[in-house]
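Trainee: Requesting a structural model of the entry that follows:
(4 chains)
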2 protein chains.
Amino acid sequence: MQTTPAATEHATPADICSAPPRRHPRPDGQDHYTISEVVAFTGLTAHTLRWYERIGLMPHVDRSHTGQRRYRNRDLDWLDFVTKLRLTGMPVADMVRYAELVRAGEDTYAERQALLESTRRDVLNRIAELRDTLAVLDRKISFYATEGTTR
Amino acid sequence: MQTTPAATEHATPADICSAPPRRHPRPDGQDHYTISEVVAFTGLTAHTLRWYERIGLMPHVDRSHTGQRRYRNRDLDWLDFVTKLRLTGMPVADMVRYAELVRAGEDTYAERQALLESTRRDVLNRIAELRDTLAVLDRKISFYATEGTTR
DNA sequence: TATGACCTTGGAGTGCACTCCAAGCAAGCC
DNA sequence: GGCTTGCTTGGAGTGCACTCCAAGGTCATA
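Mentor: The predicted model follows:
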């Protein structure tokens, strides 16, 4: 059993770096998903998928001969990444900025790196805040646990 | 040096449980802060403080003889807690629910505990998600770092 | 070929969490 | 008293991230 090397070999400009350890529903070459399939895979709504495209957050989605969207594996990878960024609280405008850098090509590597490093710092800060909050919650919960049972 | 026991001894129904390790600007008894002082302490805006009160997120704020707000140490503690909850992504409506339980008295200890435990689970999940995101960011950042310098 | 589920678009609507405004009262200083 | 700065209110406005709608075209199955 081995991972399919296609993902990195045919890497598109859309998201060239670092193959995520994701299992694709279908292998590269047969990867043509309708919008409702992508809804099922990602948990996003069709509305949101179309909106992401309109605001420039999707690198470009193929179309069938009749104009319907046909998502590829690389689109799923991109959506996974976008979903992770969204969880960090990053504003959509910043994600669009990153998408623009990706579209602009290799010359933007440095700027992309800087953007992700700034995001990384945000994530570390948020984790620290959440740890703090966790401590407060634990203190209050244990208060309620003892007071609630001994009263 | 020892912590002032006043905070727990005179604990008000507002937020009776678990004295936070917070240094108050003034000791209990001389704690009467204007809204702009609270703005300076908490980082919240005056608009937001008034809005919190309007929607029932503040337990009740004292007023001067002319009707101006005079916040107490317990109010600062409460605002600290609310700010922590907000960082977890908890909707304001849920925080209002908790505030209502606090106002309702000791009979709601069990429900409060359940609410905080549910929040606790959310926080743990969010931390796990952020760790995951951190791994993805690190992978991409190291890609850009090597490609950017060797190109 | 008909039925019904799915897909397309631009634009309008929604919900949340603030954020601001106008008009007026209050407090402190010269 | 006059001036400035701060505080009060209800209600309206803002920005974000979706979310939905109407009107119509497409696809799969019977």
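
Trainee: Around DNA strand C, pick out the residues from chain A.
Mentor: Neighbours of DNA strand C within chain A, by C-beta under 7 Å from any atom of the strand: A:34, A:35, A:36, A:37, A:46, A:50, A:54, A:63, A:67, A:68, A:69. C-beta here means a position set from N, CA and C on the backbone, and glycine is covered the same way.

Trainee: which secondary structure element contains the fourth one?
Mentor: With secondary structure defined by DSSP states H and E, residue A:37 is part of helix A:35-42.

Trainee: That helix - what's its average pLDDT?
Mentor: Averaged over helix A:35-42, pLDDT sits at 95.

Trainee: Double-check that residue A:79 belongs to a helix.
Mentor: Yes. Assigned with DSSP: H, G, I helix; E, B strand; the rest coil, residue A:79 falls within a helix.

Trainee: just to revisit the earlier point, in the helix holding residue A:37, which residues are buried?
Mentor: Taking 16 or more other C-beta atoms under 10 Å in any protein chain shown as the basis for neighbour counts, the residues of helix A:35-42 that come out buried are A:35, A:38, A:39, A:42.

Trainee: Need the three-state assignment for the residue nearest to residue A:84 when sequence neighbours are not counted.
Mentor: In space, residue A:84 comes closest to residue B:133 once its chain neighbours are excluded; the distance is 4.4 Å by C-beta to C-beta, 6 or more residues apart in numbering or on different chains. Secondary structure, three-state DSSP: residue B:133 is helix.

Trainee: Please, where are all the helices along chain A?
Mentor: For chain A, helices defined by DSSP state H occupy the ranges A:6-9, A:35-42, A:46-54, A:73-87, A:92-104, A:109-150.

Trainee: Out of the buried residues of helix A:35-42, which is nearest to chain B?
Mentor: Each of the buried residues of helix A:35-42 was scored against chain B by C-beta to the nearest C-beta, and residue A:42 proved nearest at 15.0 Å.
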